[in-house]
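Q: Sequence plus the predicted model coming up.
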Amino acid sequence: MIDEYTLEQAKAKGVRAETLLDNELLTEAFGTLEQGYISAWRATTIDDVSAREKLFLAINIVGKVRDHLGAAIANGKLAQAELNELTRTAERRKRFGVL
């Protein structure tokens, strides 16, 4: 079982990640980067394999960063649910005199 401190950290990290993904400037930056990489990728010549591979990786990295933040949000929400359950369990034990 995970301790409350670790759950609180995961919850806080999730809140920060959600704030980032909700930030208009960051969302715009992700979109601009992705579109720029895609445009450059499409503009490569048929024999420029190295550039296409690098641009493909760059496009995927933008997605991976976005996915990482999404995972932090999901983990934070799970941590919050577990903290809520710990609180409910503690309240029930207190109410029924079980320590």
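A: Received the coordinates, thanks. Numbers count the residues shown, from 1 in each chain.
Q: what packs against the helix or strand harbouring residue 94?
A: Secondary structure assignment for residue 94, by DSSP states H and E: helix 49-95. With contacts defined as 3 or more C-beta pairs under 8 Å, 6 or more residues apart in numbering; DSSP states H and E, helix 49-95 has these neighbours: helix 4-22, helix 24-42. Yep, even glycine has a C-beta here, placed from its N, CA and C like the rest.
Q: what about stretch 34-51, how long is it end to end?
A: End-to-end span of stretch 34-51 (C-alpha to C-alpha, to the nearest Å): 15 Å.
Q: Report the contact partners of the spatially most central residue of the chain.
A: In the chain, the residue lying closest to the centroid (C-alpha atoms, centre = their mean) is residue 69, at 1.6 Å. By C-beta atoms under 8 Å, 6 or more residues apart in numbering, residue 69 lies in contact with 17, 20-21.
Q: from those, which would you call buried?
A: 17, 20 (16 or more other C-beta atoms under 10 Å).
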